[in-house]
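A.B. asks: Let's see this in three dimensions:
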Amino acid sequence: MAGRWVGHRHLADGRAESYSGQVDLFDSAPGAARADPVAWLQTASPAAADLGAPLAVRMRPRALDEFAGQSHLLGPGSPLRRLIEPADDSSGQGGARAAPASVILWGPAGTGKTTLAYLVARASGRGFAELSAVSAGVKDIRAVIDEARRGLALGRETVLFIDEVHRFSKAQQDALLPAVENRVVTLIAATTENPSFSVITPLLSRSLLLTLEPLDGAALLQVVDRAVTDERGLAGTVSLSEAARAALVRLAGGDARRALTILEAAAGAAALGEPDPVVDLDQIERAVDAAAVRYDRDGDQHYDVISAFIKSVRGSDVDAALHYLARMVAAGEDPRFIARRLVILASEDIGLADPSALQTAVAAAQAVQLIGMPEGRIVLAEAVVHLATAPKSNAAYLGIEAALSDVRAGLAGPVPPHLRDAHYVGAGRLGHGDGYLYAHDSPHAVAPQVYAPPGLEDRRYYEPSGRGFERQVAERLAKIRAILGQARDQDPD
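C.D. replies: Predicted coordinates:
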């Protein structure tokens, strides 16, 4: 059912009961209707583990000491650890936990967001309800909150886990605010997208934002080695060569789920007809056709890679720039998007230090539009090489930004009378155009007259860098400004 919610409660023996739809999360009647447990809750205990489930599901950590990675979030006294672990009762305050705080977990896939949410609920004995932002609506949110409010009246707290919260609309996120504000629920929201762009500000301000990082090699090996030996996993039925372990780390790209998925596929192939199977490098490579490019065109990776690409071209590292270009091309990025970014960069970061850079970028954009891919990659590479190796200047960019800053600050005086439009009847009586000097009638086609509004005559917006062609521009500009300065020196005001 679209928008179906699932609630769970944890029993004294460690088992987890699951409820869905309109079932009361807090009805303890033994005959209450049950939904099928969601896959990852089936690993709550060895007895509950479903050996038919994927390896990544079976190996989901049951306790914090099994959790790999994210040490920066789980140090002693950290907010997340306080949510997971009950407070020490030695203080004589009854073991009361710190008041629950809502948390937004932001990080790539396979870094433990869902597991941490489950551990918070399981370790503390709170009720647990799960919603997927892919299918849940406002009605489902309100149903879970109503159940949580009833439980709170009975002294029972509820953890509400929302996966992919970035998919919630503004209205759906607004529906959460009263319950989060009043701590009717402890919200744990998971997202792979930057919450600054995908989560409404009021919800962000009421939650702790915790950033999860891709797992490093040591953490991935911890996950893999446990899966090989643990009874819930491969139970020692296979072993891994050192080359295979290293390849798993490389291919996983910081994603524990991906590492276990590859391991499971390779182990299945190795076990065929072998008495003491060993997973070697060949089987790992056959389990995955090729390493997946960590690049989501609709997510943060899109912005991270394009950012690194632009900064590499700006920084004149042509090799890094070609690397990031290759990553975008391999991931299927729209080549027109790449070309547009190069056009912008040619003006913003190169400008008049190499005027031909803009011509190359525009030509590349037109050529990519004309010939398409895969040949368009060659055109883009040529443009990248030109722009990365060109002399750099952001003087034009800084000039327009400085001018805009003055205009926005109200420094926009009247246009000098001699520059005003004098083509309509009556303009002469107003003095429009009086005293205007036609530039081509002057030596060097530069007329010594004031062009800027009053108060801005001495303002300098464009300051050439002195690199590349701008060296010549700087020399010419000095002469031009000297001629224009004559008019200001003669101005009686």
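A.B. asks: Check which helices and strands the one helix or strand L387 maps to sits against.
C.D. replies: Per DSSP states H and E: L387 is located in helix 376-389. Here helix 376-389 touches helix 300-314, helix 318-330, helix 335-345, helix 356-371, going by 3 or more C-beta pairs under 8 Å, 6 or more residues apart in numbering; DSSP states H and E. All C-beta spots, glycine's among them, are computed from the backbone N, C-alpha and C.
A.B. asks: Could you save the ones you listed as TSV and add columns showing mean neighbour count and distance to A452?
C.D. replies: Output for those, formatted as TSV (neighbours: other C-beta atoms under 10 Å; distance: least, C-beta to C-beta, whole Å):
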stretch	mean neighbour count	distance to A452
helix 300-314	18	31
helix 318-330	18	39
helix 335-345	19	28
helix 356-371	18	27
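A.B. asks: one step back: on the C-terminal side of the helix holding L387, identify the next helix or strand.
C.D. replies: Later in the chain than helix 376-389, the nearest helix or strand by DSSP H and E is helix 395-408.
A.B. asks: Mind listing what's buried along that next one?
C.D. replies: A395, A396, L398, G399 (16 or more other C-beta atoms under 10 Å).
A.B. asks: quick revisit: redo the helices and strands packed on helix 376-389 as TSV? Include distance to L387 and mean pLDDT.
C.D. replies: What follows is the helices and strands packed on helix 376-389, written out as TSV (distance: least, C-beta to C-beta, whole Å; pLDDT from 0 to 100):
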stretch	distance to L387	mean pLDDT
helix 300-314	5	87
helix 318-330	8	92
helix 335-345	6	93
helix 356-371	5	94
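A.B. asks: Which one of those helices lies nearest to K170?
C.D. replies: Nearest to K170 among those is helix 300-314; the distance by C-beta to C-beta comes to 20.2 Å.
A.B. asks: how close does G137 get to A331?
C.D. replies: 32 Å (C-beta to C-beta, to the nearest Å).
A.B. asks: wait, Q172
C.D. replies: In terms of C-beta to C-beta, Q172 sits 30 Å off from A331.
A.B. asks: If you average the pLDDT over the helix or strand L177 falls within, what comes out?
C.D. replies: Element membership for L177, per DSSP H and E: helix 170-181. For helix 170-181, the mean per-residue pLDDT is 89.
A.B. asks: Residue most distant from the centroid, this protein?
C.D. replies: Residue farthest from the centre of the chain, counting by C-alpha atoms, centre = their mean, is R429 at 61.2 Å.
A.B. asks: for the buried residues of helix 395-408, which one is nearest L380?
C.D. replies: For the buried residues of helix 395-408, the closest approach to L380 (C-beta to C-beta) belongs to A396, at 23.5 Å.
A.B. asks: if we can go back for a sec, quick one: which of Q172 and A331 has more around it?
C.D. replies: Under the criterion of other C-beta atoms under 10 Å, the comparison of Q172 against A331 puts Q172 first, with 19 against 16.
A.B. asks: Contact partners for the more buried one?
C.D. replies: When contacts are counted by C-beta atoms under 8 Å, 6 or more residues apart in numbering, Q172 touches A133, A136, G137, V138, I141.
A.B. asks: now V249
C.D. replies: By C-beta under 8 Å, 6+ apart, the contact set of V249 is G217, L220, L221, V224, A259.
A.B. asks: Where does it sit, in terms of helix or strand?
C.D. replies: helix 242-252.
A.B. asks: I'd like the next helix or strand past that helix.
C.D. replies: Next along from helix 242-252, by DSSP H and E: helix 256-270.
A.B. asks: name the helices or strands packed onto the very next helix or strand once past that next one?
C.D. replies: Counting by DSSP H and E, the next helix or strand C-terminal to helix 256-270 is strand 278-279. The contact analysis (3+ C-beta pairs under 8 Å, 6+ apart) places strand 278-279 against strand 239-240, helix 256-270.
A.B. asks: try 10 Å this time
C.D. replies: With contacts defined as 3 or more C-beta pairs under 10 Å, 6 or more residues apart in numbering; DSSP states H and E, the packing partners of strand 278-279 are strand 239-240, helix 242-252, helix 256-270.
A.B. asks: follow-up on the earlier one: buried ones among the contacts of Q172?
C.D. replies: Neighbour-count burial within the contacts of Q172 applies to A133, A136, G137, V138, I141; the criterion is 16+ other C-beta under 10 Å.
A.B. asks: can you give me the end-to-end distance of stretch 211-220?
C.D. replies: Stretch 211-220 has its terminal residues 18 Å apart, counting by C-alpha to C-alpha, to the nearest Å.
A.B. asks: How about that stretch, which residues are buried there?
C.D. replies: Using 16+ other C-beta under 10 Å, the residues of stretch 211-220 that count as buried are L212, P214, L215, A219, L220.
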